[in-house]
Every structure is written in structure tokens, then in C-alpha cells.
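In: Kindly generate the corresponding structure for this input.
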Amino acid sequence: MIKILTLISVLWANVAFSERNQFSEFFNSIESLSANFSQTIYDEGLTLLSATTGNFSFQRPQQLHWHTVSPNEQILLLNNDELWQIDIELEQAILQQTKDFSKTPLYWLINKPDSIKNTPKFSHQEGDINWYLAVNTHSQPIEFGFIDGLLHAISLENELGQIVTISFKQLRVNPNIPAQAFELSVPKDFDIIK
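Out: Residues are numbered from 1 along each chain as shown. You can find the predicted model right below:
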């Protein structure tokens, strides 16, 4: 009898887990995010090509401050429809022409799951991480990993067939982020390229 009750409870837990979508719960509840990140890029043979670290802040609807600190300091700054790439070493800020974020991980941050047709679905569990797979007709598949309901990692294959993994630490949900964090502010001697 105890074995049957244990089996029923395990099956019930699996049904309850499969009905819960951590991706939707998390992304529908946020208006802002901040965290430290580490990003790795591997080639098809799993040789490490690059590793970067930094921090980011995000606020809906379309504001992002992605600051790579190591090995080279760069900033990706999104403020509504303006996307700037700022290279500290080269002392330049370049306005990017792309306005279609559907091919980037930004698409999933900007849009709440309630407004997305193909919301990522639970794919698999690896260790403590629950992975949700997003298949967007405009881009490569992308996976979002969650631990205890919080975003832990993003993994995707880029257009070159490389595997990009971004891991987050010290994630803060709905922090107050000052508006000036998303404004272009560079020293006067920087080249501004539009």
C-alpha cells in the first residue's frame, strides 16, 4: 500500500510539474532584471572560442544595458528603438541598424509570454536546471534554464553553428533601475557613428 501511495505521489508531482511553465511564470512577472553574467562560446567540436563576464540591467518595454567587463570592456545599450554598441578600448559608439529583435534572445525579454504565440515549453531536466525550449520561426532554437523558478542560463546555437551559453548569478527581479542607466553617455572624445 505504501509503495502504491508513493508511486501515485510521484506521478502526481510529475503531472503538476509538467503543467507549470516556469518560463511563462517568470517572464510574465518581471518588469526589470539585473544580474552578473558569464558567457562562453564553443565551436561545433566543443572547443572554447571565447569567455566573457559582465553585468546587465533590463527594463521593459525595450531597455537593456549589457556591460561586458572582461576580457574587453564593451557595452550594448538598447533604449527603445536605438541599439548602441560601445567599445571602450576603441573609444567609439556605433548605432546599430537592426530593429528586428526576433532573431535574438532580446525578443524573449521584450515580449511577455502572454503575447507570444510559441511560448517555450519544458524540454528536459539536467541536474538542478529545468530547460525550456523556444522555437521561433525567425531564429535558431534557444533554451532557457531555470533553478527554483529563477532564470539561471540561456543557451543557443548562433548562425555560425557555435554554441553560446550565458549563465546568470546574483539575479535581481524587478529592481528599481534609474532611467539614465539606459541613456547613451560616453566621454566627449569618443567617436559617435550613426
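In: ok, Lys194 - contacts?
Out: Each residue near Lys194 by Cβ atoms under 8 Å, 6 or more residues apart in numbering is listed here: Leu95. Glycine gets a C-beta too; all of them are placed from N, C-alpha and C.
In: How about Ser57?
Out: Listed by Cβ under 8 Å, 6+ apart, the contact set of Ser57 reads 32-34, 64-65, 175, 177, 181-182.
In: Are any of those residues buried, and if so which?
Out: Of all the contacts of Ser57 considered here, the ones buried according to neighbour count by 16 or more other Cβ atoms under 10 Å are 33-34, 64-65, 177, 181-182.
In: Can you add distance to Ala51 and give these back as CSV?
Out: As requested, the buried ones among the contacts of Ser57 are exported to CSV (distance: Cβ to Cβ, whole Å):
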residue, distance to Ala51
Leu33, 22
Ser34, 21
Leu64, 21
His65, 21
Ile177, 26
Ala181, 25
Phe182, 26
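In: Go through the residues you listed and name the one nearest Gly54.
Out: Nearest to Gly54 among those: His65, at 10.1 Å, using Cβ to Cβ.
In: Tell me the spacing between the closest one and Asn55.
Out: For His65, the distance to Asn55 under the criterion Cβ to Cβ, to the nearest Å works out to 9 Å.
In: Mind checking the pLDDT average for stretch 176-183?
Out: Model confidence over stretch 176-183, given as mean pLDDT, is 94.
In: Where does pLDDT dip in the protein?
Out: 1-19, 98-99, 103, 136-139 (pLDDT under 70).
In: Quick one: residues contacting Glu31.
Out: Taking Cβ under 8 Å, 6+ apart, we find Glu31 in contact with 59-60, 174.
In: Select from these every entry located in strands.
Out: Gln59 (DSSP state E).
In: Among the contacts of Glu31, which one is most surrounded by other residues?
Out: Going through these with other Cβ atoms under 10 Å as the criterion, the one with the most neighbours is Gln59, at 24 neighbours.
In: Go ahead and confirm it touches Ser34.
Out: No - distance between Gln59 and Ser34: 9.2 Å, which falls outside the contact criterion (Cβ atoms under 8 Å).
In: what is in contact with the two at once?
Out: With Cβ under 8 Å, 6+ apart as the test, Gln59 and Ser34 both reach Ile177.
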